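Engineer: any chance you could fold what I've pasted below:
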Amino acid sequence: MIENDQIPLDYYEYELPKKKLFILGNGFDLSHNLPTNFSDFAKYLLKRSLFSQANTRHPLINILHPTSAKHKGNWPQPPNIDFNNPISIVFEDIYKFTWNSILDMGYKLPGDITWDNHRYVITGKHELIVEDHEFLKGVLRSTNPDNWIDFEKAYFKELCRLIMPNQNDVPTGEIWRLNNHFKTIRQEFEKYLIRVLFDHEIADVNGYFELLHKPQIDLKEGEKLNTPYVGEVMILNFNYTPIIENIYKITDQTNPGNRTYQVVHIHGEVSDAKNPIVFGYGDEKDPNYSLIESLEYNHLLEHFKSNQYSRTANYHRVEKFVENEPFQVDIIGHGCGMTDRVLLNYIFEHSNCDRIKIHHHKEYEGYRSTYMNLSRHFSPHKKHDLRTKVLPFKEENRCPQWDD
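Structural biologist: Below is the predicted model of the structure:
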């Protein structure tokens, strides 16, 4: 590696970037063995309800025991459900268990049992056996959302479903319930993250220390110069966890290798009132977004990320870094989905974004998936920039994992 005082003058003639922007997504947390996927969170909610004491109430999902004197205490033991299955299968297995248990208790269908607003209700006793919200239930039963991108897309799709047929008479009550439930999911997820960080011991992963503390600029084909010195680094963290600070000891005040660092938690930090969690959808280029905006109902925009970025100066810090001079982007564990399009499009299409390196997971298929998602952040007339900026696949650019 070239030290600061050894930079040849001819580097500046080529205007090679001397800055690096790391983009960290949920895959970075997962590579440290933290169960922070949407499916991990959803399975936690189901386990919590399934194995709770009788009549314990929880937000979001409840599987309640019978309350009548006749059946009190006769709820069967939960079955051995395989929580390694996709979340939709787990959810269906629990529903089957609940339904069969109701029938085993002697209730009859039709007659004793009615289905009301996604609840099993015992006629005459109003015993609530299964309770969940329509939005969350639909996500769990109809899809297999391993990641948060799919979940956030499901929210936007549901919002559009409510609005599009009723543009002249927006169903404010239904949208209020959807947004309120989405807010509850965010609150419950933050509680879940606090629990995860308390229960799991996080260790550094071989490979990340070198990558983060000794960053280099990757040369394109045909560039013959030695790797230029990286003098400024920004770590743009889309996660809510403090791994960068706690494990790799990088903060705004650290300067290993005589370089400056900035750590920006663009989506907020768990348990930080000054930098609260940003949770929602972020594709303002979607045609439906313009329509939603034109309806002039502010509560329709409540869970769009761009409206939440204004809570802190984080977005402006990213702008200052991007606008200053050329830089290289390193993508680690971020799928580059459309739910972060408002920010990623700005970064990738900027003239100072000189090159983009994808740190892949699961070999070439992981690289290709990220590349295809990344391509959607480039406008049609900018597709050539995509091909010139994104560095080609290399086996050695694999994301390190905790169990390597």
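Engineer: buried ones in stretch 329-349, by neighbour count?
Structural biologist: 329-345, 347-348 (16 or more other C-beta atoms under 10 Å). The C-beta positions use only the backbone N, C-alpha and C, and glycine is treated the same way.
Engineer: in the stretch 301-404 of the chain, which spans are helices?
Structural biologist: 305-309, 314-324, 341-349, 363-375, 383-389 (DSSP state H, counting those that start in this stretch).
Engineer: residues in contact with the first one?
Structural biologist: Residues lying outside helix 305-309 but in contact with it, judged by C-beta atoms under 8 Å, 6 or more residues apart in numbering, are 266-267, 278-282, 284, 301, 315, 339-340, 342-343.
Engineer: do you know how far the closest residue to residue 385 other than its chain neighbours is from residue 26?
Structural biologist: Leaving aside its sequence neighbours, residue 385 sits nearest to residue 378 (C-beta to C-beta, 6 or more residues apart in numbering; 6.3 Å). Distance, residue 378 to residue 26, by C-beta to C-beta, to the nearest Å: 23 Å.
Engineer: cool, and residue 277?
Structural biologist: Taking C-beta to C-beta, one finds residue 277 at 14 Å from residue 26.
Engineer: neighbour count for these two, which is higher?
Structural biologist: Shown here are residue 277 and residue 26; by other C-beta atoms under 10 Å, residue 26 has more neighbours (22 against 19).
Engineer: that one: what's it in contact with?
Structural biologist: 36, 37, 147, 148, 238, 239, 333, 334, 335.
Engineer: buried sites along stretch 82-93?
Structural biologist: For stretch 82-93, by 16+ other C-beta under 10 Å, it's 83, 87, 88, 90, 91, 93.
Engineer: could you work out the most separated pair of these?
Structural biologist: 83 and 88 (12.6 Å; C-beta to C-beta).
Engineer: before we move on, the earlier item: mind checking which of the buried residues of stretch 82-93 land in helices?
Structural biologist: Members of the buried residues of stretch 82-93 lying in helices (criterion: DSSP state H): 87, 88, 90, 91, 93.
Engineer: what is the nearest of those to residue 193?
Structural biologist: Using C-beta to C-beta, those come closest to residue 193 at residue 87, 18.1 Å.
Engineer: wait, the closest one touches residue 44, no?
Structural biologist: No. Using C-beta atoms under 8 Å, residue 87 is not in contact with residue 44; the gap is 10.8 Å.
Engineer: from the centroid of the chain, which residue is nearest?
Structural biologist: Nearest to the mean C-alpha position of the chain, by C-alpha atoms, centre = their mean, lies residue 148 at 3.8 Å.
Engineer: now do stretch 137-150, average pLDDT.
Structural biologist: The average pLDDT for stretch 137-150 rounds to 71.
Engineer: stretch 333-340 now?
Structural biologist: pLDDT averaged over stretch 333-340 gives 90.
Engineer: put the alpha carbons of stretch 280-290 into CSV.
Structural biologist: The C-alpha trace of stretch 280-290 is given here as CSV (Å, rounded to 0.1, in the frame of the first residue of the first chain):
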residue,chain,number,x,y,z
GLY,A,280,-40.4,2.3,5.0
TYR,A,281,-40.3,2.6,1.2
GLY,A,282,-37.9,4.8,-0.8
ASP,A,283,-38.7,4.6,-4.6
GLU,A,284,-39.9,8.1,-5.5
LYS,A,285,-39.4,7.3,-9.2
ASP,A,286,-42.2,4.8,-9.2
PRO,A,287,-45.1,6.3,-11.3
ASN,A,288,-47.6,5.5,-8.5
TYR,A,289,-45.6,7.7,-6.1
SER,A,290,-46.3,10.8,-8.1
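Engineer: how would you label residue 52: helix, strand or coil?
Structural biologist: coil (DSSP: H, G, I helix; E, B strand; the rest coil).
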